[in-house]
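Visitor: Sequence and predicted model, in that order:
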Amino acid sequence: MESEPLQEKEELFRYDCKQFLIELCMQMKKRFPFEENSLIAMLKVVEPAEALSTKRDLKSLGKLAVHFPTLIKEDELDLLQEQWRDLLYARDTLKGISQSATVFWNDLLSVKDGNNKEKFNLLATFMCNLLALSHSSACIERIFSQINQVKTKQSNRLDTNTVANRLLAKQAITRQEVTYQKWEPSISLIKDAKLGHCHMRYKEREESRKKSNTATLYHSEVNDVDDEELEEDPMPVSFFLQ
């Protein structure tokens, strides 16, 4: 007699779970393009099995590459397509490479032709960059969390440049794998900070990055200070408290 109510609750729970999954799929279908020729569908070429298949759907890799202008230049599209085509011809010689996507495309960088030149350098680099793309906004949300720690209710008048400089300083210290209590800035670093050279170098790199279309695998951290500058002529933190 007591098991009947529990059975009814279990059935209700299973039904609610099923309805939740159905609604989840419907909402995802509304928000993401899952059509046959959509961007998401084309991204399956990063899988080695798909890329090496004679029945692969994406004949022209340029259709995918045009969606990522920061990863590849327009004048490199022809060479990219040429290497994409040659990959199919070389499929028998690549069977020994791991079929893990990250390992496959990384190892493909070292494959050379008869002239001892990298045969698939542009293609492999493009695929590695696709694999390195952030699949969520978690890295951005972490930055916002750091901003909230810097710009609090007590310091809500800080301007953007001050907040940015504090974040850069935090990243520089974190990169040394020490806490701010133990970190000792060098004399040259203090001089650069007073003259604004650190921020100037950061702005110059940002401008250079915007002008060029070359890709990089690491965008999440800004390295504003050279390691050598942090290590030479240490100055105690108490200097700043005087």
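Guide: Received, thanks.

Visitor: ok, residue 24 - how many residues close by?
Guide: 10 (other CB atoms under 10 Å). Where you see a C-beta, it was placed from the backbone N, CA and C, and this is true even at glycine.

Visitor: right, and the helix or strand after the helix or strand harbouring it?
Guide: Here residue 24 sits within helix 3-31, counting by DSSP states H and E. Next in sequence after helix 3-31, counting helices and strands by DSSP H and E, comes helix 39-42.

Visitor: and that following helix, what does it pack onto?
Guide: Secondary-structure packing of helix 39-42 (3 or more CB pairs under 8 Å, 6 or more residues apart in numbering; DSSP states H and E): helix 62-65.

Visitor: quick one: contacts of the helix or strand just after the helix it packs on?
Guide: Downstream of helix 62-65, the first helix or strand assigned by DSSP H and E is helix 77-89. With contacts defined as CB atoms under 8 Å, 6 or more residues apart in numbering, helix 77-89 is touched by 51-52, 54, 56, 60-62, 65-66, 72, 94, 119-123, 126.

Visitor: Select only the buried ones of these in ChimeraX?
Guide: Buried members of those, defined by 16 or more other CB atoms under 10 Å, are picked up in ChimeraX with:
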select :51,52,56,61,65,72,94,119,120,121,122,123,126
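
Visitor: So which of the contacts of helix 77-89 sit within helices?
Guide: Cross-referencing the contacts of helix 77-89 against helices under DSSP state H gives 51, 62, 65, 121, 122, 123, 126.

Visitor: With distance to residue 30 and pLDDT as new columns, can these be given to me in a markdown table?
Guide: Formatted as a markdown table, those follow (distance: CB to CB, whole Å; pLDDT from 0 to 100):
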| residue | distance to residue 30 | pLDDT |
| --- | --- | --- |
| 51 | 30 | 89 |
| 62 | 29 | 88 |
| 65 | 27 | 90 |
| 121 | 40 | 91 |
| 122 | 36 | 93 |
| 123 | 34 | 93 |
| 126 | 30 | 93 |
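
Visitor: I figured residue 94 hits residue 111, correct?
Guide: Yes. The pair residue 94 and residue 111 passes the contact test of CB atoms under 8 Å, sitting 7.4 Å apart.
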